[in-house]
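Enquirer: Generate coordinates for the sequence data below:
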Amino acid sequence: MDHRLLEVVAQLREDELQVGLRAAVEGEALILDADGYSYRFRHALLQEAAHDQLLPGERTRLHRAFAEALRADPSLAAGGSAGVHAELAYHALAVHDVDLAFSSLVLAGQRARDLFAFAEAQQHFERAAELRSQISESVSAGAPPTWELLRNAALCARYSGDIRAGAIPHLRRAIGVLEKTENSVALGGLWAELSESFWMAGLGDDAVAASDKSVEILGDTPTRERAEALGWRSRIFMLLGRYREAIGPGTEAVELARELDAGRELSRALNSLGTSLAMVGGDEGLAMLRESIEVADAIGAGTDAARAYNNLVSVLRTPLDDLAQAEQVFNAEMDYVARIDLRSPIVDWSRLEGAEVMQRLGRWDQVTKIIGQVRSGEVIGVNGQYYETTLALQRATQGRYDEAEQHLRRAEEIAPGILDPQAIAPLIGVRMLLRLARHQNDVGDAIERIEPMIASPVVYHVVPLIARVDAAAALLDHDQDAASRIAHLVDLLQKVRDSADGYLARNVATWLSLTEAELSRARGEFTPGVWREALLRIREVTDAEYELYAQFRLAEALAVTGDIPEAEAELAAAHQRARAIGAVPLVVEMEALARRTRLKLPALPRAEADANHGLTSREREVLVLVSQGRTNREIAESLFISQKTASVHVSNIMAKLGAANRVEAGAKARTLGLDQL
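Expert: Here you go, the predicted structure:
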C-alpha cells in the first residue's frame, strides 16, 4: 500500500501516522517495500489476523474509504493509476458494491491479459462472470455478456496452461449460456475455440467432434467466425497428419478471409494450409507460410506470426530436410519475439522446434541451452508433452536412461488421448531407444500404432528405430518373427515412396534405406554396401544420431567381411564425432566393436582395453556380482545403489563385452579373468 494512500484514509495527523507506522515496522508486523515508499504485511497470516480483528462496521468503513480514495486519485494505487482496477475490485467486493467490483474486475482482467499475466487475468474474468447477473441495469447496458467473460477466462486459462480444469469448463459454460440465445455466429466461434482447447489437452477425438459442430452451426454465412472455424478445421486435420483433408477447408478459409479482409483469420488459414501443402509435397506451401508471417506481423498479431514461424521451421526440418535454412528461420523468430517482447506458450513450442533442429545437427550442447529457456514446459496437454518428449530424446541419446524414462513416462501421462503423428512418433522413437539400452528387444505395439499414419513424413524417421529393435531381437533373442516384421515395415515405406516425388521421395527413401539395412542385419547378413547406401542417404537429410549409427554399422560390416583398414577408418571417424557431441551409447557400442574385432581405435587406450576391457571400476564390481548370478535387486542391495542404476551398469557391461545376455556376460567375465576384483 502506497504511503500517500494511508495518509488519505487514516485520518490521522502526520506525526501520529509516522509513530504508528514506525512501531509496526520495528515490531516487524509491516515491512517497507522495495521502492521505500510502500508497505506490506510481513506475512499474509498477519494481514488476515489484522483484518479479522476489525468489527464489521470498521471493516466496511475502511474498505469504502480506500475505494473512494482510489476513485478520486487512481495514482494512489500501489501499482500506479494503470493498476488501480485490481485494488478497486478488492475493496468494492469487501463492501458489496457489485457495480464497482464488476467494472473494476473487467478492466483489471483486460490489463493483466495485456501484460501476459494470464493466471491473474483468468481470476479477474471468472469473478466478473460470477457477478454479471447481479449488476444494475445501467451498468449492464454497456457491459460484456457472461459468455464473453467466460471466453476471456478460458483464453487466459489456456495460455497459462490450465486447460482441462480451466479453459474447457469455461468454454462449456459459455456455450451453455449462448445456446439460450440466437447468436449462432458467436456460438460457432466458441465451438471452434473449444475444439482447439480439446486438442491442446490431448483430446484429439473431442477436438474433431467440436470442429464438426462449429462448422455446422456457422453454416455458409460469410463471417470472420466462419473463416476462423474453417482455418481451425484445416489446422486440426494438419495436426492429426491428415494433410490432404486439411487442404479443402484451408483453401476455403483463405478465400473467405481475403474476401472479408480479415487479417488474423487469413494468417491462421495460410499457416495451416501452407503446412499441409508442404507436407504433401506442394512447393507453394513455403510461400504461404511466409505470407502468414507477413500478414500477422502487419496487424500486430505476434502470436500468430510466431506460430507461422514455428511451422515454417517444422516443415523445413521435416520433410524438406533443409536444416541450415530451418536454423536461420528459428534464429529470425527468436529475434522477432524478443523485439516485440512476446510471451506466449507458442514461443516455448518454437524453442522446442529449434531444439529438434540442433539435435539433428549434432549440436547437443545447444539443445540443452534452448530447452533451458522454455518457461511453460511442465504443463498438462500437448505443450507439456512436447517438452517432456524432447527432453526424453535428448537424455536417451546421451545415455542418461533413467532421466529419459522419467520424461517419457511424464509425456505419456499428461496427454493420454493425443492422436497427432508429431507426438506419437517421437514417443515411440524414445521408447525404442530405451528398450535397446535395456536389452528389452520387443517392439510392443509400435508397428500397429504407426501403420495408420505411415504416410505422414513426421513418422518415417521412427521406422528404422523400430527395425533396430527387431534386428536385435532376431540376432540376440533369436526371435523368428522379427525379420518378417522388419520386412513389413520395408513394404510400408516402399508403398509411400512409390507414390511420392520431389523432396518427399528423397525423404522417405532415406528412412527406407536404413530400414532395409536393418532387415539385412536381422537376416544375419553383414553387407557393407547396404550400410554405405544408408550412410550416404542420411547425410543428405542430416541426422547426427542416425548418421553415426549407420557409420558404426558400416564399420562393423567392413570388419566382418575383412576390410580392416576401411573399417578402422570409418569407426575412428564415427567414434571421434560421437565423443565430441556426447553420444555416449554409440561411443560404448563403437568401443565394444573395437574390442570384439580387434580394430585399432586411436581414442581408446590399448592398456585400458587390455586390462579392463573398457569397464569402469564400478562396472567391474557389478560384473563380479553378475558372474555370481546375482539379480539387479541383489546387486543394488550389495553395492548400496538403486535397482535402476544397477540395471544401467549391467546394460553398459553387456554392450562393452559384446554379450547378448547376463549369462554370456558372466561367462566372458570368467574367461577374461574379470570375475574377481
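Enquirer: I'd like the distance between Ala557 and Ala437.
Expert: 23 Å (C-beta to C-beta, to the nearest Å). Glycine gets a C-beta too; all of them are placed from N, C-alpha and C.
Enquirer: So which of the two has more stuff around it?
Expert: Ala557 (23 against 20; other C-beta atoms under 10 Å).
Enquirer: Would you mind pulling the contact partners of the helix or strand harbouring that one?
Expert: Taking DSSP states H and E as the criterion, the element that holds Ala557 is helix 544-560. With C-beta atoms under 8 Å, 6 or more residues apart in numbering as the test, helix 544-560 has contacts from 359-362, 364, 397, 461, 464, 468, 514, 517, 521, 526-528, 530-532, 534-535, 538-539, 564, 566-568, 570-571, 573-574, 577-578, 581, 583, 586, 589-590, 593, 597, 599.
Enquirer: Ile277: neighbour count?
Expert: Wrong residue type there; residue 277 is Leu, not Ile. 25.
Enquirer: Mind giving me the packing neighbours of the helix or strand containing it?
Expert: Assigned by DSSP H and E, Leu277 belongs to helix 263-279. Packing partners of helix 263-279 (3 or more C-beta pairs under 8 Å, 6 or more residues apart in numbering; DSSP states H and E): helix 224-239, helix 243-260, helix 284-298, helix 302-317.
Enquirer: List the buried residues of the shortest one.
Expert: Think helix 284-298. Going by neighbour count (16 or more other C-beta atoms under 10 Å), the buried part of helix 284-298 is Gly285, Leu286, Met288, Leu289, Arg290, Glu291, Ser292, Ile293, Val295, Ala296, Asp297.
Enquirer: Tabulate these (CSV), appending pLDDT and distance to Ala305.
Expert: Listed next are the buried residues of helix 284-298 as CSV, based on pLDDT from 0 to 100; distance: C-beta to C-beta, whole Å:
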residue, pLDDT, distance to Ala305
Gly285, 96, 17
Leu286, 97, 16
Met288, 98, 14
Leu289, 98, 11
Arg290, 98, 11
Glu291, 98, 11
Ser292, 98, 8
Ile293, 98, 5
Val295, 98, 8
Ala296, 98, 4
Asp297, 97, 5
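Enquirer: before we move on, the earlier item: among the contacts of helix 544-560, name the ones in helices.
Expert: Counting by DSSP state H, the contacts of helix 544-560 place 359-361, 364, 397, 464, 468, 514, 517, 521, 528, 530-532, 534-535, 538-539, 564, 566-568, 570-571, 573-574, 577-578, 581, 586, 589-590, 593, 597 in helices.
Enquirer: so Met590 touches Ala578, yeah?
Expert: Yes. Met590 is in contact with Ala578 according to C-beta atoms under 8 Å; the separation is 6.5 Å.
Enquirer: residues contacting Leu187?
Expert: Ile175, Leu178, Glu179, Thr181, Ile217.
Enquirer: Now for the fourth one, how many residues are close by?
Expert: In this case it means Thr181. The burial count for Thr181: 11, using other C-beta under 10 Å.
Enquirer: where does it land in three-state SS?
Expert: coil (DSSP: H, G, I helix; E, B strand; the rest coil).
Enquirer: Find the centremost residue of the chain, please.
Expert: Residue closest to the average C-alpha location in the chain (C-alpha atoms, centre = their mean): Tyr386, at 2.3 Å.
Enquirer: Which helix or which strand is home to the spatially closest residue to it that is not a sequence neighbour?
Expert: Spatial nearest neighbour of Tyr386, excluding adjacent residues (C-beta to C-beta, 6 or more residues apart in numbering): Leu352 at 5.3 Å. Element membership for Leu352 (DSSP H and E) is helix 345-361.
Enquirer: Give me the below-cutoff pLDDT ranges for the stretch 351-500 of the chain.
Expert: 378, 380, 417 (pLDDT under 70).
Enquirer: Which parts of it are helices?
Expert: With DSSP state H, counting those that start in this stretch as the criterion, the stretch 351-500 of the chain has helices at 364-371, 382-398, 401-414, 421-437, 446-450, 457-460, 463-476, 482-498.
Enquirer: for the first one, packing partners?
Expert: Going back to what we said before, that points to helix 364-371. For helix 364-371, the elements it packs on are helix 345-361, helix 382-398, judged by 3+ C-beta pairs under 8 Å, 6+ apart.
Enquirer: ditto for the fourth one
Expert: In terms of contact count using 3+ C-beta pairs under 8 Å, 6+ apart, helix 421-437 is assigned the packing partners helix 382-398, helix 401-414, helix 446-450, helix 457-460, helix 463-476, helix 584-597.
Enquirer: and the ones you listed as JSON lines, adding distance to Thr303?
Expert: Formatted as JSON lines, the helices and strands packed on helix 421-437 follow (distance: least, C-beta to C-beta, whole Å):
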{"stretch": "helix 382-398", "distance to Thr303": "13"}
{"stretch": "helix 401-414", "distance to Thr303": "22"}
{"stretch": "helix 446-450", "distance to Thr303": "32"}
{"stretch": "helix 457-460", "distance to Thr303": "23"}
{"stretch": "helix 463-476", "distance to Thr303": "34"}
{"stretch": "helix 584-597", "distance to Thr303": "38"}
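Enquirer: related to what we said a few turns ago, spell out for me the ChimeraX command that would select the buried members of the ones in helices among the contacts of helix 544-560.
Expert: Buried residues among the ones in helices among the contacts of helix 544-560 (16+ other C-beta under 10 Å), as a ChimeraX selection:
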select :359,360,361,364,397,464,468,514,517,521,528,530,531,532,534,535,538,567,568,570,571,574,577,578,581,586,589,590,593,597
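Enquirer: And this protein, split by domain according to the record?
Expert: As given by automatic domain parsing, the domain ranges for the chain are 11-49, 222-363, 611-677.
Enquirer: Return the helix or strand in this structure with minimum mean pLDDT.
Expert: Every helix and strand in the chain was compared by mean pLDDT, DSSP states H and E; the lowest is helix 606-612, with a mean of 49.
Enquirer: same for the helix or strand immediately after it in the chain, what does it pack against?
Expert: As assigned by DSSP H and E, the chain's next helix or strand after helix 606-612 is helix 617-627. Using 3+ C-beta pairs under 8 Å, 6+ apart as the contact test, the elements touching helix 617-627 are helix 632-639, helix 643-657, helix 662-672.
Enquirer: Worst mean pLDDT among these?
Expert: Sorting the helices and strands packed on helix 617-627 by mean pLDDT places helix 662-672 lowest, at a mean of 75.
Enquirer: Go ahead and name everything in contact with it.
Expert: Outside helix 662-672, the residues that reach it (C-beta under 8 Å, 6+ apart) are 613, 623-624, 626-629, 650, 653-654, 657-659, 674-675.
Enquirer: picking up where we left off before, what inclination does the helix holding Leu277 have with respect to helix 243-260?
Expert: Interaxial angle, helix 263-279 versus helix 243-260 (axes from the mean of the first three to the mean of the last three C-alpha atoms, to 10 degrees): 150 degrees.
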